[in-house]
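1. I'll drop the sequence and a predicted model, then ask my questions.
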Amino acid sequence: MDYTESIEKTKVFISEHLYDELTAENIASNAGYSVFHFCRIFKEETGKSLMSYVREKRLELAESDIEKGESTLEVALKYGFETQSGFARAYERKFGERPTKRMNA
């Protein structure tokens, strides 16, 4: 079965809801699949886990906000990270540097 259309619709849904609380449950429900099944097909189609994809998209937007001078705490909370330090670690894994380094550049 070809899941490409469902995955593309899900990517649009995710991009439209990056500021909202996104869970595997509500994303899978929106797509009309069980969580287990949808997470499996999402990874098969994209090569990434569902929530890794969400985190990556949020970090891409966060990078722009950091470069505009927003504080790391504001950005962390805006994109659903529970702590500033958790956001900073995720940011560093994705971009290879701490977000405060971007602010000072």
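-> Done, it's in.

2. which residues of this protein fall in helices?
-> According to DSSP state H, the chain carries its helices in the segments 4-16, 24-31, 35-46, 50-67, 72-78, 84-95, 99-103.

3. which residues are contacting the second one?
-> When contacts are defined by CB atoms under 8 Å, 6 or more residues apart in numbering, helix 24-31 is touched by residues 6, 9-10, 13-14, 34-35, 37-39, 50-51, 54. All C-beta spots, glycine's among them, are computed from the backbone N, C-alpha and C.

4. what number of residues lie near the residue nearest to Thr10 when sequence neighbours are not counted?
-> In space, Thr10 comes closest to Ala31 once its chain neighbours are excluded; the distance is 5.1 Å by CB to CB, 6 or more residues apart in numbering. A count of neighbours around Ala31, defined by other CB atoms under 10 Å, yields 19.

5. Ala31 and His17, how far apart?
-> Ala31 is 13 Å from His17, where distance means CB to CB, to the nearest Å.

6. Tell me how far Gln84 lies from Lys57.
-> Taken as CB to CB, the span from Gln84 to Lys57 is 20 Å.

7. Same check on Leu22?
-> When CB to CB is applied, the distance between Leu22 and Lys57 equals 10 Å.

8. which residues are in contact with both of those two?
-> Among the neighbours of Leu22, those also in contact with Lys57 (CB under 8 Å, 6+ apart) are Ile14.

9. who's more crowded, these two?
-> Set side by side, Leu22 and Lys57 give different neighbour counts by other CB under 10 Å, the larger being at Leu22 (20 against 16).
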